[in-house]
Structure formats: structure tokens, C-alpha cells
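**Student:** dropping the sequence and predicted coords here.
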Amino acid sequence: MPRGKPSIVCSNALALLPIHRSSEVLGPTFQLDLRQPQSHRVSVQLNFRAQQQRESVALPSWTPGSYLERDYVRHLEGLRGWVNGHPVVLARQSRHLWWLEDLPPGAEVELRYSLLAVEASVRTNWLDVETGFLTGAAWAMAVESQRWLPQQLSLQCPPGWSVATSLESTGEGWRAASYDVLVDSPLALGDLHTLHFEVGGVPHRWVWQGLQRPAPQQSWQQQLPKICAATCALLGAERPVSDDYLFITRFSANGYGGLEHDDGCALMFSRRELGSESGQRKLLQLAAHEYLHQWNVRRLRPVGLRPYRYGQAVLIPELWFAEGVTSYYDQLIVLQAGLCSEEEYLEDLAKDFSRFLSTPGRQVQSLLESATEAWVKLYRRDAHSDNQQISYYLKGALVSLLLDLHLLARGQGLHVLLQRLWQRFGQAGRGYSQADVEQLAGELDPQLPALLHSWLSGVDELPLSGYLKTVGLDLSPDPAESPYSGLQATFKEGQLTISKVDRDSPAELAGLSPGDELLALDAERLRSPEQLGPLLIAGGQHELLFCRDGAVRSTALRPSAPQPCRWSLRLDPNAPEAACHLRRSWFQGPAR
């Protein structure tokens with residue numbers, strides 16, 4: 001049967017059933033018991049036939065697409081094992097790996113364990129009395145010798161619950177061609193709603209949960225096929241590479257995020273934002289981003305990710321391309337699909353420029369450093385992060401913009417580079433390296449490798465304004481109203497507390513730090529973040545009273561002239577026709 005069979009009602013049998021194997025079934029079999037969702041725990045039974053004297057089992061420390069060692073083992077409890085029905089001891093070798101030793105030939109091994117499912121994200125597990133979402137890497141132990149064998153899965157759920165997954169249905173459960181496919185196939189559980197459509201003859205499902213009001217199904221029915229078709233056009237493809245694609249979307253109060261998979265993606269989005277036009281556009285951009293990932297990063301994969309090494313971090317300098325290019329196109333795809341205006345696109349793009357140009361870390365960390373340090377920095381943000389790092393999503397998207405405009409001026413475009421990488425590496429299942437990207441860029445324009453190297457390896461300002469002028473756009477700062485202090489504050493629980501201090505700013509020179517409580521400026525009591533700006537004088541000296549670690553202190557704050565925190569993109573009324581023509585070509589995208 002094809003992968004991605006429509007959602008089915010889950011079994012609610014009274015007990016875990018014994019597993020009966022045929023001679024053809026060689027790989028592990030998993031049974032998940034979800035019938036006590038109020039406990040937020042998933043019970044797992046894993047059965048397999050030993051193929052060697054010592055077998056090792058491990059729970060991944062990370063999931064592909066999210067480059068942080070999350071140590072899912074911290075939610076593991078009660079791991080027990082049996083061999084041919086007799087209890088055995090599992091020898092722990094590391095924080096997430098165990099050995100079963102001295103196994104008889106063909107021994108039947110059974111493991112049971114539970115996992116706490118309390119993290120509501122697209123890369124973890126959660127389970128409550130209404131819904132659930134399970135990430136394969138966060139619950140499925142790997143039998144390492146049987147990674148490439150078929151894996152079987154069955155579930156036992158509360159009455160009436162449905163399941164949506166991209167796994168192949170067997171009628172009684174699901175089948176994965178390998179452990180990697182199992183890990184790559186999240187499970188949505190509970191009260192699910194489904195919208196069906198096709199793109200290039202390929203069935204697609206948009207499955208959602210968590211909405212308190214009726215969903216805008218009519219809009220989705222019209223918009224989603226256009227997003228998918230525009231993404232295919234970007235790759236020069238008539239249809240997606242997946243044979244059956246599944247969007248899983250959970251709506252929550254304030255959630256946002258996405259995680260890509262070969263045959264689907266998991267999304268989280270705010271119910272509140274769905275009520276505005278800009279929020280609806282943001283959801284479409286998120287869907288476009290993850291949909292493009294079925295090519296870029298899932299199948300067109302950096303060499304360090306072939307194969308995945310679930311137990312360790314791997315340096316991946318190509319993440320700037322995998323995520324940056326995808327981030328650049330997610331907004332552009334919505335425009336090219338005809339689902340936003342050019343003014344709305346420029347407004348969204350200007351927000352990215354503002355974020356980038358307001359981040360001091362852009363002059364500290366290069367784009368390649370951002371990519372290779374993802375495991376220790378990007379996903380571990382704190383109040384100091386913006387001062388020492390730049391997101392490879394954000395700067396990668398802006399470098400992708402430069403690449404696109406550079407190549408468009410030569411009658412090509414970034415999509416040509418993406419397509420050639422896909423043809424040489426993605427379709428062949430070969431991992432690509434940074435050197436491969438530079439080589440293919442050089443085939444399109446001999447100047448590009450040197451330019452690209454400077455944009456990726458340096459921390460100098462990107463030539464954004466110059467390239468934007470080639471398409472008749474002006475990037476200009478919006479004037480700030482208040483003198484610049486370099487601090488941001490929030491009012492919470494009766495205290496006005498510093499949340500951020502910019503690098504090399506007047507606030508840093510005054511010795512202020514995130515977490516300091518602001519008390520008074522020039523003897524004026526401070527009670528709100530909005531109160532501070534109007535009291536400051538550029539070039540003046542102010543006495544600031546603050547509290548740190550329970551001790552009241554005083555410092556001199558010397559604000560500087562106002563600095564922009566926002567930038568705007570505007571059409572240049574004096575742009576030559578050649579620039580306007582190039583802009584139209586950019587906005588229109590590849591011919592379909």
C-alpha cells in the first residue's frame with residue numbers, strides 16, 4: 001500500500017498483544033501504548049530477533065532538521081529486557097546506548113520502557129487527554145545491527161483517537177522500510193481534521209489539530225496547492241519528489257516552528273496569528289519552507305548527514321545553504337504563487353533586513369561559523385546571543401538574496417544553482433560539500449566563488465544596498481525617535497528588568513547587564529520600558545540607579561545619537577527600466 005494512507009482510527013485494545021513473526025519479518029517491531037494520556041507517558045514494547053551475540057540498542061540524542069543534542073534519554077524510564085522470556089540485564093555503555101551480551105543464536109529479545117511526553121514542539125513528544133504528537137527519534141530505540149531492516153509499528157490509543165503519519169499502512173499498523181524511515185515519520189494523534197488536495201498527480205494531506213474556531217478550509221484548499229506548485233516550479237519539476245505528502249499542523253496559543261521530513265513536515269503555529277492577514281501569510285511561508293526541504297536538505301543533503309549519526313553532533317558548514325536558501329525562498333514562493341502582493345513581500349523582506357542589521361553578532365560570527373557552531377549556539381540562545389552570533393537562517397537568506405540578484409543580472413538565478421545541485425547530488429543520493437557549492441557557482445559565473453567566500457567567511461557588512469539598487473529598490477533606515485542607550489527592558493512582576501544589552505553600546509560601557517533591575521534615572525522613578533527613552537539626552541550624562549543581586553548601585557549612562565532599529569525597502573522612482581525589468585523577473589520566478 002502507498003505511504004501516507006489517510007488518518008485511521010487507532011486501536012484501543014485492552015492489553016499489549018504478543019508479537020507473532022513470520023519468516024519474512026526480520027526487523028524490529030514496536031508497540032506503543034498511549035491509553036493513559038493523563039499520565040503524559042508513552043509505554044513502548046520493542047521486540048526483535050538477535051542476529052549476533054552482542055546487540056546494542058540506543059535512543060538518538062538529536063533528530064534530523066534540529067541541530068541540538070536534546071538527549072531524549074532524559075525522558076526515558078523503566079528500561080527492562082527479556083531474552084527468550086527470561087529477564088536480562090542491559091549493560092549501559094553511554095548515556096543513550098546499552099548492550100545485550102551473550103545472546104543465543106536467533107534469540108527473541110523484548111524490551112519495555114516508558115517515556116515522559118511533556119514537550120510540545122515539532123521535535124519532541126507530547127501527550128495529553130486530547131491530543132498527542134510523537135517524534136520518532138524521541139521514542140524509538142534503534143537496534144543498531146538492524147537499522148536498515150524493515151520496522152513494524154502498532155499503537156493502542158484512547159477510544160476514538162485518530163492517527164496521521166506518512167508511514168505505510170499494513171491494515172493493523174504501519175511499516176517502515178528502515179529505522180531511518182521510522183524516525184523520519186512523526187505521529188499526530190487524537191482529534192484530527194484533514195484537507196486533501198493534489199499537486200502534479202501526487203496526493204497531499206493537510207492535517208491539523210488544536211483550533212478552537214472553524215478552520216479557513218476554503219482558503220487553504222485554494223492556497224496550499226499554489227504554494228506546492230510554485231515550489232515544484234522552483235526546482236523545474238512537474239511534481240514533488242514525495243509520492244504522498246503530509247502536512248501535520250498543531251495550532252497552539254503562541255507556538256511557532258517546523259521540522260522537515262522526506263514525505264511530510266510537522267508545523268506549529270499560533271491560533272492568535274491565524275486571525276490576521278500577516279499571520280496567514282506567515283503560515284503559508286512556514287509551509288513553503290518545510291515543503292522545499294523535501295528537496296533541499298532531506299534528499300539534497302550535506303555530506304556530513306549521509307548517513308545520519310543519531311548519537312553525535314556533526315559539523316555541517318553547508319547548513320547556511322540548506323537552511324539559508326530555504327529561508328530566502330519561503331517568502332518568495334508565496335509571492336510567486338500569487339498569494340501576497342509585492343508590497344507585502346517587500347515589507348516582510350525589510351523585517352529580515354532590520355533583524356540582521358540590528359544584530360551586533362553579525363560583525364562577530366561569520367556565516368560558516370554560525371553553521372558549524374549550530375549545535376552549541378543557535379539553539380541555546382540567551383540574553384547575550386545577539387552580541388556574539390548571527391543566525392545561519394537569517395544571514396544565509398540574505399546571502400542567498402545576493403546570489404540570486406547576482407545571477408539574475410547574468411540571465412540565470414539562484415534556482416539554476418539549486419537545480420544543478422539537485423541533479424548532480426540530490427537525485428543521485430550523494431552528499432554535497434561546501435566545495436561542491438562553490439564549484440557549481442563558479443560554473444555559472446567565475447566571479448562567484450571569490451564573492452561567496454567573502455560573504456560566508458567574513459564579518460564585513462554585506463553589499464545589500466548595492467545589489468538592491470540593481471533591481472530598483474532602496475534600502476533605507478527609518479529614523480529613531482530616542483537617543484541610543486543599547487539596552488532593552490521588560491516590566492514583569494512589578495520590576496523593570498534589563499532583558500538585553502547591545503555589544504559596545506552606552507549601556508555596556510556603563511557596566512549594565514541583563515537581569516539588572518532599573519530603579520531610577522536622574523532621580524526619576526522608572527516603572528515602564530516606554531518611560532526611559534524620552535528621558536534620555538544624546539551626548540548627555542545620566543545617573544542610573546539599578547539593583548543587581550540584591551544590592552542597589554549607581555552608574556553613569558551616556559546615550560549616543562539615535563540609531564535606526566528598522567529599515568524599509570522602497571521602490572526607487574528613478575530606477576532605469578533595466579532595473580525594473582530585472583525586478584519583475586525576480587518577482588515572477590522561474591517559468592512554469
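**Tutor:** Right, received. Where do you want to start?

**Student:** show me where the stretch 101-250 of the chain has its helices.
**Tutor:** Secondary structure of the stretch 101-250 of the chain by DSSP state H, counting those that start in this stretch: the helices cover 136-139, 179-183, 217-234.

**Student:** highest mean neighbour count out of those helices?
**Tutor:** Of these, the one with the most neighbours on average (mean count of other Cβ atoms under 10 Å) is helix 136-139, at a mean of 26. No exception for glycine: its C-beta is placed from N, CA and C like everyone else's.

**Student:** helices or strands next to that one in the packing?
**Tutor:** helix 179-183 (3 or more Cβ pairs under 8 Å, 6 or more residues apart in numbering; DSSP states H and E).

**Student:** so which elements touch the helix it packs on?
**Tutor:** Using 3+ Cβ pairs under 8 Å, 6+ apart: helix 179-183 touches helix 136-139, strand 151-156.

**Student:** let me see the mean pLDDT of that helix.
**Tutor:** Throughout helix 179-183, pLDDT has a mean value of 98.

**Student:** what's next to it, contact-wise?
**Tutor:** 27-28, 30, 60, 63-64, 136-137, 140, 142-143, 146-149, 151, 153, 167, 176, 262, 307-308, 310 (Cβ atoms under 8 Å, 6 or more residues apart in numbering).

**Student:** closest one to residue 425 among the helices of the stretch 101-250 of the chain?
**Tutor:** Shortest distance between residue 425 and these, using Cβ to Cβ, is found for helix 217-234: 16.8 Å.

**Student:** which element is residue 570 on?
**Tutor:** strand 567-571 (DSSP states H and E).

**Student:** list the buried ones in that strand?
**Tutor:** Applying a neighbour-count criterion of 16 or more other Cβ atoms under 10 Å, one finds 567-569 buried in strand 567-571.

**Student:** can you lay out those residues as JSON lines showing pLDDT and distance to residue 85?
**Tutor:** Output for the buried residues of strand 567-571, formatted as JSON lines (pLDDT from 0 to 100; distance: Cβ to Cβ, whole Å):
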{"residue": "567", "pLDDT": "97", "distance to residue 85": "68"}
{"residue": "568", "pLDDT": "96", "distance to residue 85": "71"}
{"residue": "569", "pLDDT": "97", "distance to residue 85": "69"}
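
**Student:** so how far is residue 535 from the spatially most distant residue from the centre of the chain?
**Tutor:** Most distant from the centre of the chain: residue 523, at 46.2 Å, with distances by Cα atoms, centre = their mean. Using Cβ to Cβ, to the nearest Å, residue 523 is found at 11 Å from residue 535.

**Student:** please apply the same query to residue 586.
**Tutor:** 45 Å.

**Student:** with neighbour numbers in mind, choose between the two.
**Tutor:** residue 586 (20 against 14; other Cβ atoms under 10 Å).

**Student:** helix, strand or coil for that one?
**Tutor:** For residue 586, the assignment made with DSSP: H, G, I helix; E, B strand; the rest coil gives helix.

**Student:** surely it is in contact with residue 471?
**Tutor:** Yes. Counting by Cβ atoms under 8 Å, residue 586 touches residue 471, with 5.8 Å between them.

**Student:** got any residues that touch both of these two?
**Tutor:** 405, 408.

**Student:** before we move on, the earlier item: give me the subset of the contacts of helix 179-183 lying in strands.
**Tutor:** Among the contacts of helix 179-183, the subset assigned to strands under DSSP state E consists of 30, 142-143, 151, 153, 176.

**Student:** quick one: which of those has the most company?
**Tutor:** Ranking the ones in strands among the contacts of helix 179-183 using other Cβ under 10 Å puts residue 151 first, with 29 neighbours.

**Student:** surely that one meets residue 30?
**Tutor:** Yes. Residue 151 sits in contact with residue 30 when judged by Cβ under 8 Å, with a separation of 6.8 Å.

**Student:** residues that sit against both of those two, list them.
**Tutor:** 140, 182.

**Student:** flag the shaky bits of the stretch 1-150 of the chain, pLDDT-wise.
**Tutor:** 1-25 (pLDDT under 70).

**Student:** strands of that one, residue ranges please.
**Tutor:** 8-9, 29-33, 41-49, 55-58, 76-83, 86-88, 91-92, 97-100, 108-116, 126-127, 131-134, 142-143 (DSSP state E, counting those that start in this stretch).

**Student:** burial of the nearest residue to residue 127 once chain neighbours are set aside, as a residue count?
**Tutor:** Leaving aside its sequence neighbours, residue 127 sits nearest to residue 117 (Cβ to Cβ, 6 or more residues apart in numbering; 3.9 Å). Neighbours of residue 117 under the rule other Cβ under 10 Å: 24.

**Student:** tell me the confidence at residue 565?
**Tutor:** 89.

**Student:** and it, what does it touch?
**Tutor:** Per Cβ under 8 Å, 6+ apart, neighbours of residue 565: 354, 358, 480.

**Student:** pull out the buried members of the residues you listed.
**Tutor:** Buried, going by 16+ other Cβ under 10 Å: residue 354, out of the contacts of residue 565.
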